[in-house]
Structures are given as structure tokens and as C-alpha cells.
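Engineer: curious how this folds, go ahead:
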Amino acid sequence: MALRLPRFAAHSAGRTFAADRLTEIELSPIKAVELRASRIPGVVSLAQGIPSFDTPEPIKRYAAEKLAAGECAKYSLTPGLPQLRELIAESLWREDMRYDPDGEIIVTCGAIEAVTATLLATINPGDEVLVMSPTYTSYLPAIRLAGGVPRFVALDEDANFDLNPEAIASSVTRRTAALLLCNPNNPTGTIFSRPQVERMLAVAERHDLAVISDEVYKDFVYTDAHPFSPAQVAAARGRVVRIVSFSKAYGMTGWRVAFLHGAREPVSEILKVHDALVTCAPVISQHAAVAALTLGESFIAEFRAQFRRRRDRVIAHLDGLSSVFDYQRPNASYFVFPRVKDIVPMARDSVRLAHDILERAHVALVPGAAFGPTGEAHLRFCYARADDDIEVAFARLADYFNAGAARGPVAAPVVLHAPSRAFSRVGIRRRTAIATLHALARLYLARRRPIVIAIAGSRGKTVLKRLLVEALAPHRHVRANPLSYNTEIGVPLAVLNMQVDARRVGSVARGLVRAAWSATFARDALDVLVLELGARRPGDMAAHLRTVRPDIAVITALTPDFSEDHEALEVLRGEVAVVCADVARRGGQLWLCGDDPSLTKLAAELPTARWFSRAQWHDTPHPRQIEIDGELLAVERDVVGDSNVYGIIVAAEITRRFAADTDALRDFLAGRAESLSNVEPFGL
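Structural biologist: Take a look at the predicted model:
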């Protein structure tokens, strides 16, 4: 007789705590394997998809600085930090996707929260959600939690597990509401082909299905065929929600931060659910995501190279077990999903086989049945694990499948990581180094005499920098820096276009040498330097102005980063007044957002200030127009969100004063800017 565990009961009313919908929800099979493996000494796990790499040091350091500065203790706005959403929008723009950071992007607590919130906002109880098989296991409980019914659609294994639009179409019923896919796919490592994605979208259009595209492995692709996202199809914009995570690409699984983007209407509904579930993503993790987007690109390339090498090694091992496994070569992610040949005992019962391998060979693998009906007779291997773990695991598997598992398991080697030596002395040497950097930055500016454009405020600064660079580059040598700089060494580093690790003596010393060379001898051409000046504390802006004196200041709207951050907003207003007064006193140009009442009040004291405002934007059907000095100019380029509207207006205003060639301005407004050969890397 099976033992039944009692359900928790509320004694006062006799009502059970466990809701009926939970009866069909189980712990993820992947987590269950890891939990079972944790009870067996000496197990090597190739089960859960956790990268072996630590979060890169620059990301950890940036988050630690924000924590030390007291910037992580409050809730952010529910959609996420404005700076992070702007950086996300910029990254999407570079992938040919236009989304407004202020209404079409939400920062979430990992990708699965994004998936769950989207399902809760999209489907009704009893609705069917089409999921590919094999598919990621955690989608199924998320669908059931939202009251939906998962309906499996087989991938085409003979085509390396590609989408099968005919199978998708034949699976649609009158209750089908959505389609959920992972591209690149987990567990197969498949990149769905563009023709099949487009045909899938045609099915979704024909049957009015929402499309949820989980693309957390998009950065780990090992062929020239990069993933084609449904979100890249403009006509499908209203039905697609795309989800991307920082967990895999940057070794940040424990930070629990991701994002979703989609059209304004569905995202506004998802935001309600996100708010009810978590209020906001962890603020320290959001700051880490900011650092990942601005400092982490080189680490993605490094991780990708390591994973590709490990994939090739795993495939070589599978080739050595050709009597046991058939496989399709994975072209992305860090999983391989081989089929177990029928001659192997328990081949058609992957749960029993994986359990037996764990118990006898002490290797943890995920049974294929966990990923849907067509996953049966497969096992999933994760090659995100360390090289030594991969080698030990396959040595044990070779013994197991050659009936040698009776021998004791090979002990996994212990890898010790030496702690990095930190530069912790902050006395005379540190003050001297900082003073030297500021002096070299002043020398750099004095020798080149670029026009300095300073951007301050709260919203749209990143977008504005990008648009200014695009507009001015055909006429001038332009450089812009990716981050706001509100530390004592940030501004000189921005001016000198360099980075140093202030905790490492060697890094600081080498940085000072490079800075001295750059300031004194380098011949790089620089006509325009665009700097973002941040201010969190009283006196920050005055410190910036001791090193750099802007010729032009652009002040965007002033709004809080946090829901109740009124004190910080008052500090920012005061600091903005400092830079505006300095620029006005020296006869420079001031551009203030005329839609911000506090800036309207400030401008009354600065009669030379000029305005930019939403009133200059004429959202006529085609073409849209902006008004510059009383003249209406056509805007034919893609424009999404207020940040882009303001950025285009300011870039057009400033460009008109830099360049006599009105054709170049029209090219910018039409999105036909010439090759940016005069612009240094933007750094985002």
C-alpha cells in the first residue's frame, strides 16, 4: 500500500493549502536529478545547465561598487532601472529590433519568471499552449500554473530537430492560444532555420496565436547561421514576446536577472503580473546587468570559444561510444541530446537508464523523457561544466557501457583557484594616482581641444549618445563613452578612453603609463567628445567640472530611478543646475528638455538656454516630421519611444549647427547616415 503524505490544513477552517492546479506540477526533473546526485559522494554532474565560469570580475566589481554606494537598498521602478532598460533597447537596436525602453521592456527575475508572467497575462484557464518536443522542462509547470494545457509538437529530428510548421498547424485546435519555443533549443542545441520560423509565424498569424520566444542561448552559436528571432519580423510585432537572460551569456545564473520585450499592449499586461509576483528584479542584479551590457562583450566571446571546444570534445567522446549513441551535432547552446541505441538495456526508458547510470557510474545526466514525448530514448549532456568533469564523466560512462561499472568510480580532481591579489591601499599612492589621471585628462583636452558635449539627466541618455554619434560622424571625428561617470576617477578615464582596475597595482601603473602616452604623444583625431555626466551626491558635478568644461550641455528629463527616490532627485536637480550655470557663464550652448517642469523653472534663470520638447514632433501618418527653427523636416527612419523622439530632435538641432550640409541632416533623419568611419567604437 502506497504511503500518502498528509496535506497541510488550515485548522480554523479545515481548508487545504495546496491548490488543485498544483497536483499536476512537479519539481523540475533536472532539479530532481541534481537533488538525488547531491546525496551520492563523488558524483560528476553533466545535468543542470550551469556554466563552470564565475561571473566576470568587472561585473562583480561594478555591482560591489553600487552596493557600497548604497544604491541597491531600494526597489527600482517595476519595469527595471531606466539605465538598464535603455541599454537593453540599444542592444536590441543593434540587432535590428526597435523597442521603447519606457513601455516595451521589462527586467525580470530570470527567464522563467518572464515566461511565467507572460503566460499568466496571455492565456485563460483551459487554453492550450503549443510547445516543441523536445522542449525545456520548466515550461510545462509554468503553463499549468497559468491554468493552461501544454500540447506537444514534435521537432523534425532528421533535420537536426528543426521546426515543423506543418506539425504545428495540424496541432492547432479552437482552444490553442499560444506557441512557446526555445531558440536556440534546449535540449537539442538546434538553431531553428529562418524559413521555418517565418512559416511558423504564418501559422500563428492564421490562427491568431501569441508567440513566446525564449532566446537565452542566443550568444552561444558555433556556425555562421545565427538565430533568426520572430521579434525581427515587423509584421509579427504585436503577437511576439521575446525573452533573453543574462544568466548564461555572462556566467550569472545566481543573479536571477533577465528581460522580455514586446509590443506596448501585451507588455503593459505582463507588467501587472510581474509587479504582483516580484515587484521588481533585484536591484543589485540589475546593476550587474548594466555592467554586463557595457563591459561583458569580450567575456561572451571567451565563453563561447570555451564551450565550442568542449562541445567538440564531447562529440569526440560520443564518437568513441558509437555503439551506444547516435547524435545530431548541436550548433548552439551548451547541450547535446544523443539518442540511445536500442541494443542498450533500458534504452526506451530514459528515466531508469539515467537513474542506473547515476547509481552505478556516479554520473548525473537528465533523462530525455523529461523534455517531452519525443525526448524518450535520449539523454541530455551539459558541456558547460569544467573540462576535468567532462573527462571523468566519459571515462566512467565508458566503463559503465562496457560492463565495467563494478569498478569504483574515478575520483574527480579538486581544482583550487588562487584568490586574486587586490589593491587595497588607498593612501598617498591612490590620491597621487587620481590626481595624475585628472591632470593627464586636462592635458589631453588642452592638446586636442575637442568640442565637449555633456549629457546629464535621467532618461534617454544612452539613446541620445548613440544618435549624436550617428548624426555627427559624417562631419567630425566623434567619440562617445558608454557609461555615466560619477566617481572620482570616472571622468578622466572617460576623457582618456581607457579602463583600469583600481584594486590592482599593476593595472593602475600600466593605466597611468598609457594615459601619459595618450595625453602627451598620441595623435588620434578628435573633434567631438560626448560625455555622460552622472551625479548622485552633492559636489559630483563640481568635481567633474574641474577636469572637463563642456561647450554644450544637454539635459534630459529628470525623473527618479527608484519609486520613492525623491531625495536623490533633488540632489540631481541641484547638480544639473551647477553644470548649466557653468556652461551659460562661459557662453556655451544649453539644451534643456522643455517637458520637465523643474527644467522650465531652471531655464527662467538662464535666458540663453534652448528647448527641445515633444511639441517639436509631428506624428503625421507619413512621413513624420520634426520642427527645427520653424522648419518642418521629414523623419523617415524607425522611431520607437520618447527616448528616440527626444534624441532625434536634439541630434538634429546640434547637427544643424555643426554642419552646413543640409543633405547630411536629411540623410540622418531618413536613417541613411554615411559610413561611420570617423567614429571611434561606442563601447556598448
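
Engineer: helix/strand/coil for Glu65?
Structural biologist: The assignment at Glu65 comes out as helix when based on DSSP: H, G, I helix; E, B strand; the rest coil.

Engineer: same question but for Ala535, I mixed them up
Structural biologist: Under three-state DSSP, Ala535 comes out as coil.

Engineer: and the gap between it and Gly238?
Structural biologist: In this structure, Ala535 lies at 39 Å from Gly238, with C-beta to C-beta, to the nearest Å as the measure. C-beta: built from backbone N, CA, C; applies to glycine.

Engineer: of these two, who's got more company?
Structural biologist: A count of neighbours by other C-beta atoms under 10 Å puts Ala535 above the other of Ala535 and Gly238, at 24 against 12.

Engineer: what sits against the more buried one?
Structural biologist: Contacts here follow C-beta atoms under 8 Å, 6 or more residues apart in numbering; on that basis Ala535 touches Ala456, Asn486, Met541, His544, Val571, Leu572, Glu575, Val576.

Engineer: farthest-apart pair in those, please.
Structural biologist: His544 and Val571 (14.3 Å; C-beta to C-beta).

Engineer: out of these two, which sits in the busier spot?
Structural biologist: For the pair His544 and Val571, the greater number of neighbours falls to His544 (28 against 17), based on other C-beta under 10 Å.

Engineer: what comes up buried for the helix or strand hosting that one?
Structural biologist: When secondary structure is defined by DSSP states H and E, His544 falls within helix 540-545. Residues of helix 540-545 classed as buried by neighbour count (16 or more other C-beta atoms under 10 Å): Asp540, Met541, Ala543, His544, Leu545.

Engineer: same question for that helix, mean pLDDT?
Structural biologist: Per-residue pLDDT over helix 540-545 has a mean of 92.

Engineer: now do stretch 193-203
Structural biologist: If you average the pLDDT over stretch 193-203, you get 95.

Engineer: how far does it sit from the chain's center?
Structural biologist: For stretch 193-203, the distance from its own C-alpha centre to the chain's C-alpha centre is 25 Å (C-alpha atoms, centre = their mean, to the nearest Å).

Engineer: now stretch 266-279
Structural biologist: Put simply, stretch 266-279 sits 19 Å off its chain's centre (C-alpha atoms, centre = their mean).

Engineer: contacts for that stretch next, please.
Structural biologist: Under the criterion C-beta under 8 Å, 6+ apart, residues 75, 78-79, 103-106, 108-109, 113, 116-118, 120-122, 210, 238, 241, 260-262 lie in contact with stretch 266-279.

Engineer: in whatever helix or strand Leu632 lives in, what's buried?
Structural biologist: In this assignment (DSSP H and E), Leu632 forms part of strand 631-635. Neighbour-count burial for strand 631-635, counted by 16+ other C-beta under 10 Å, picks out Leu633, Val635.

Engineer: how about stretch 430-449?
Structural biologist: Arg430, Ala433, Ile434, Leu437, His438, Leu440, Ala441, Arg442, Leu443, Tyr444, Leu445, Arg448.

Engineer: that one: how far from the chain's middle?
Structural biologist: When C-alpha coordinates are averaged (C-alpha atoms, centre = their mean), stretch 430-449 and its chain have centres 34 Å apart.

Engineer: cool, stretch 346-364 as well?
Structural biologist: Stretch 346-364 sits 36 Å away from the centroid of its parent chain (C-alpha atoms, centre = their mean).

Engineer: stretch 40-59 too?
Structural biologist: For stretch 40-59, the distance to the chain centre is 20 Å (C-alpha atoms, centre = their mean).

Engineer: pLDDT (mean, whole number) over it?
Structural biologist: Averaging pLDDT along stretch 40-59 gives 90.

Engineer: could I get it in CSV with only the CA atoms?
Structural biologist: C-alpha atoms of stretch 40-59 as CSV (Å, rounded to 0.1, in the frame of the first residue of the first chain):
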residue,chain,number,x,y,z
ILE,A,40,25.9,10.4,-3.6
PRO,A,41,29.5,11.2,-2.8
GLY,A,42,31.8,11.7,-5.7
VAL,A,43,29.2,12.3,-8.4
VAL,A,44,30.2,14.2,-11.5
SER,A,45,27.2,16.1,-12.9
LEU,A,46,26.6,16.9,-16.6
ALA,A,47,22.9,17.5,-15.8
GLN,A,48,21.9,21.1,-14.8
GLY,A,49,22.9,23.8,-17.3
ILE,A,50,25.2,25.9,-15.1
PRO,A,51,28.3,27.4,-16.7
SER,A,52,31.5,26.5,-15.0
PHE,A,53,32.7,30.1,-15.2
ASP,A,54,32.4,32.6,-12.5
THR,A,55,30.8,36.0,-13.2
PRO,A,56,33.5,38.2,-14.8
GLU,A,57,35.4,40.4,-12.4
PRO,A,58,34.3,43.8,-13.9
ILE,A,59,30.7,42.8,-13.5
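
Engineer: quick one: buried residues of it?
Structural biologist: By neighbour count, and taking 16+ other C-beta under 10 Å as the criterion, the buried residues in stretch 40-59 are 43-53, 55-56, 58-59.

Engineer: tell me which two in these are the farthest apart.
Structural biologist: So for the buried residues of stretch 40-59, where distance means C-beta to C-beta, the most widely separated pair is Val43 and Pro58, at 33.3 Å.

Engineer: I'd like to know which of the buried residues of stretch 430-449 are part of strands.
Structural biologist: Judged by DSSP state E, the buried residues of stretch 430-449 include no members of strands.

Engineer: show me where pLDDT drops low in the stretch 351-500 of the chain?
Structural biologist: Applying pLDDT under 70 to the stretch 351-500 of the chain flags the ranges 403-427, 482-488, 499-500.

Engineer: quick one: the helices in it?
Structural biologist: Assigned by DSSP state H, counting those that start in this stretch, the helices in the stretch 351-500 of the chain fall at 387-401, 428-448, 461-472, 490-496.

Engineer: so which of the ones you listed gets nearest Phe668?
Structural biologist: Phe668 lies closest to helix 461-472 among those, at 4.6 Å (C-beta to C-beta).

Engineer: by contact count, what packs against the closest one?
Structural biologist: In terms of contacts (3 or more C-beta pairs under 8 Å, 6 or more residues apart in numbering; DSSP states H and E), helix 461-472 is packed against helix 82-94, strand 451-456, strand 478-480, strand 528-532, helix 642-658, helix 662-669.

Engineer: kindly reformat these as JSON lines containing distance to Ala301 and mean neighbour count.
Structural biologist: As requested, the helices and strands packed on helix 461-472 are arranged in JSON lines below (distance: least, C-beta to C-beta, whole Å; neighbours: other C-beta atoms under 10 Å):
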{"stretch": "helix 82-94", "distance to Ala301": "15", "mean neighbour count": "22"}
{"stretch": "strand 451-456", "distance to Ala301": "29", "mean neighbour count": "23"}
{"stretch": "strand 478-480", "distance to Ala301": "22", "mean neighbour count": "25"}
{"stretch": "strand 528-532", "distance to Ala301": "26", "mean neighbour count": "24"}
{"stretch": "helix 642-658", "distance to Ala301": "29", "mean neighbour count": "22"}
{"stretch": "helix 662-669", "distance to Ala301": "31", "mean neighbour count": "18"}
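
Engineer: so of the contacts of stretch 266-279, which ones are in helices?
Structural biologist: When those are checked against helices using DSSP state H, the ones located there are Glu113, Thr116, Ala117, Thr118, Leu120, Ala121, Thr122.

Engineer: give me the secondary structure label for the nearest residue to the third one once chain neighbours are set aside.
Structural biologist: Closest residue to Ala117 apart from its sequence neighbours, by C-beta to C-beta, 6 or more residues apart in numbering: Val273 at 4.3 Å. Three states are possible here, and by three-state DSSP the one that applies to Val273 is helix.
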